[in-house]
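Just need the structure, nothing else, for what follows:
(one chain, ligands or ions: 1)
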Amino acid sequence: MDLGLSKNETALREKARTFALQVARPRAAAIDRDEQYPWDIVKALQENGFLGMTMPKALGGNDCSFLDAVLVIEEMAKCCTVTARIVVETNMGAISTVMAYGSESQKKLAARLVLEGDKPAICITEPEAGSDTTAMTTRADRRGDVYVINGRKHWITGASVSRLHLIFARVFDERGEELGIGGFLAVRDESKGLRVGRREQTMGLRGMPEGEIIFEDLEVPTTMAVLPPSGFRRGFADLMNAYNSQRVGAGTVAMGIAAGALDHALGWTKTREQFGRPIGEFQGIQWMLADMEVQLNAARLMLYQAARSRGPGNSAFPDPMLAAQAKIFASETSIKIVNDALQIFGARGYSRELPLERMARDVRMFTIGGGTAQVLRTLVASKMLGWKLPQTRGGYMPKPSMRDAAE
Ligand SMILES: Cc1cc2nc3c(=O)[nH]c(=O)nc-3n(C[C@H](O)[C@H](O)[C@H](O)COP(=O)(O)OP(=O)(O)OC[C@H]3O[C@@H](n4cnc5c(N)ncnc54)[C@H](O)[C@@H]3O)c2cc1C
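Residues are numbered from 1 along each chain as shown. A predicted model of the protein is given here:
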């Protein structure tokens, strides 16, 4: 299939493929089994220029596009999901938020840490504020030249390994008036009051720690507030807009896992014989393969389109509508593709000796993290209808005329 890639994009994809096969694939099973963050892989990614490649050249990056990042992530995810997620989070997500809205010193700090091998963490979710992010209770109180942050986040990717943290909190001025939700940067181990809590026992992606981050009178200089031009009052929406790059990255990890699983399954259909014939000669298997290929290519095209929808400059992110649709479709179809690939292996697919069961566990998270498939559907519907669709009880009432028509 012609994906309309340039010569440079094709070359980058080849470089990533070679790295994934030679460096990431041999480590994938052990990373999962030992549940250890792979610092050796981080070092190898760093040496090969895959960390921070979307950052501007002036800051040590390579001015790569989100499509470049997507091509690399897909290749990594075919072989090792944790490696792919490190590439996502050192090129998209928190780092793209800082590159878009950060001050020069914030950008320099974030770029330095990423180039040193840090995978920044984004701290939004709280025990009582999941999909409903605006219910967060973590607060940042202005006290002279600092904000004092108190609260508790959970399910933070990279908890205990990440150094740079982008923390979302309700902001209060010195008189105690609430200004909105803002983002703040803090570096673990350099910031008293930032503590890592319990690690989650996850189903998959076991080499990437997920855990609690606790803020106890964490003092953040006012210069470390990441402030979009819209200020604190409307800034949360802008900061969350940066999440669209993370969504495209996450969808690509799912799609890459599915592509890897399909590669395994295709090979097996040619070699495994039953009833005296390769199982690939059975139409039941052929149609499974065809459906997997159709779904995979549809997901891939949606993700590439979303990645390409980023406008010029670092302040632009993928189109929210395209990013949401791509993440919904890629995450859901990839779960199905991996499940079917496992099925094609029969009992062997269920064994820990093959990567299929690991892939099935790893791929499951992508309809949850970074905005659930249900919440993203609400975003898509809201854009289609041109209505705001607040989800709080009583928050949305149709116009009387529409209510009458419905009755
Ligand atoms: C592996 C992993 C990594 C993560 N990493 C991070 C991270 O780095 N930083 C971070 O801040 N968070 C992170 N998260 C948290 C993630 O963003 C949340 O899990 C997600 O937003 C959903 O919140 P919740 O789990 O509290 O589910 P809930 O919000 O409690 O939702 C429960 C169910 O209800 C559905 N639901 C909720 N509201 C609606 C609605 N209005 N309409 C229809 N259905 C609805 C949801 O789709 C879901 O199926 C991570 C999660 C996972 C699993």
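
and Ala326, what does it touch?
Arg247, Val248, Gly251, Ala299, Met302, Leu303, Gln305, Ala306 (C-beta atoms under 8 Å, 6 or more residues apart in numbering). Where you see a C-beta, it was placed from the backbone N, CA and C, and this is true even at glycine.

host element of it?
helix 320-344 (DSSP states H and E).

And what about the most centrally placed residue in the chain, helix, strand or coil?
Nearest to the mean C-alpha position of the chain, by C-alpha atoms, centre = their mean, lies Ala250 at 3.7 Å. Put simply, Ala250 is helix when judged by DSSP: H, G, I helix; E, B strand; the rest coil.

residues near the residue nearest to it when sequence neighbours are not counted, how many?
Residue nearest to Ala250 in three dimensions, not counting chain neighbours: Gly370, with 4.7 Å by C-beta to C-beta, 6 or more residues apart in numbering. A count of neighbours around Gly370, defined by other C-beta atoms under 10 Å, yields 24.

Tell me the predicted confidence for Gly370.
Per-residue confidence for Gly370 comes out at a pLDDT of 90.

Angles on the backbone of it, please.
Gly370 adopts backbone torsions of phi 70, psi 30, taken as degrees, to the nearest 10.

hang on, it packs against Ala242?
No - at 11.9 Å, Gly370 does not count as touching Ala242 under the criterion of C-beta atoms under 8 Å.

What parts of the chain come near the ligand?
122-125, 130-131, 155-157, 210, 365, 368-370, 372, 374-375, 378, 391 (C-beta under 6 Å from any ligand atom).

Distance of Phe184 relative to Gln106?
Phe184 is 10 Å from Gln106, where distance means C-beta to C-beta, to the nearest Å.

what residues are shared contacts of those two?
Joint contacts of Phe184 and Gln106 (C-beta under 8 Å, 6+ apart) are Met224, Val226.

before we move on, back to that, now do the contacts for the residue nearest to Ala250.
Tyr243, Gln246, Arg247, Ala250, Lys327.

Make JSON lines out of the residues you listed and add pLDDT and distance to Trp387.
Below are the contacts of Gly370 laid out as JSON lines (pLDDT from 0 to 100; distance: C-beta to C-beta, whole Å):
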{"residue": "Tyr243", "pLDDT": "86", "distance to Trp387": "21"}
{"residue": "Gln246", "pLDDT": "94", "distance to Trp387": "25"}
{"residue": "Arg247", "pLDDT": "96", "distance to Trp387": "22"}
{"residue": "Ala250", "pLDDT": "98", "distance to Trp387": "27"}
{"residue": "Lys327", "pLDDT": "98", "distance to Trp387": "21"}
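
tell me which element Gly211 is part of?
With DSSP H and E as the test, Gly211 turns up in strand 210-221.

And the contacts of that strand?
With C-beta under 8 Å, 6+ apart, strand 210-221 has contacts from 121, 123, 138, 140, 145-157, 159-160, 165, 167, 169, 184-186, 191-200, 202.

Moving C-terminal from it, which element do we reach first?
Following strand 210-221 in sequence, per DSSP H and E, is strand 225-226.

which element follows that next one toward the C-terminus?
helix 231-241.

can I have that following helix written out in CSV, keeping just the CAs?
The C-alpha trace of helix 231-241 is given here as CSV (Å, rounded to 0.1, in the frame of the first residue of the first chain):
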residue,chain,number,x,y,z
GLY,A,231,-4.2,32.3,30.9
PHE,A,232,-5.3,30.2,33.8
ARG,A,233,-9.1,30.9,33.3
ARG,A,234,-9.3,29.2,29.9
GLY,A,235,-5.8,27.6,29.8
PHE,A,236,-6.9,24.1,30.8
ALA,A,237,-8.6,23.5,27.4
ASP,A,238,-5.4,24.6,25.6
LEU,A,239,-3.2,22.5,27.7
MET,A,240,-5.5,19.5,27.2
ASN,A,241,-5.4,20.2,23.4
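
any idea of the mean pLDDT in that helix?
85.

And for stretch 346-355?
98.

Please apply the same query to stretch 24-39.
Mean predicted confidence for stretch 24-39 is 98.

Name the residues of that stretch that come out as buried.
For stretch 24-39, a neighbour-count test (16 or more other C-beta atoms under 10 Å) marks Ala24, Arg25, Arg27, Ala28, Ile31, Asp32, Tyr37, Pro38 as buried.

The fourth one: helix or strand, and which one exactly?
In this case it means Ala28. Going by DSSP H and E, Ala28 is part of helix 25-34.

from the chain's centre, how far out does that helix sit?
20 Å (C-alpha atoms, centre = their mean, to the nearest Å).

Return it as PDB; C-alpha atoms alone will do.
What follows is helix 25-34 as a C-alpha-only set of coordinates in PDB (Å, rounded to 0.1, in the frame of the first residue of the first chain):
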ATOM      1  CA  ARG A  25      12.700  -7.300  20.300                       C
ATOM      2  CA  PRO A  26      15.300  -9.400  22.100                       C
ATOM      3  CA  ARG A  27      14.500  -7.500  25.400                       C
ATOM      4  CA  ALA A  28      10.700  -7.400  25.200                       C
ATOM      5  CA  ALA A  29       9.900 -10.700  27.000                       C
ATOM      6  CA  ALA A  30      12.400 -10.000  29.900                       C
ATOM      7  CA  ILE A  31      11.100  -6.400  30.300                       C
ATOM      8  CA  ASP A  32       7.600  -7.800  30.800                       C
ATOM      9  CA  ARG A  33       8.700 -10.700  33.100                       C
ATOM     10  CA  ASP A  34      11.000  -8.600  35.300                       C
END
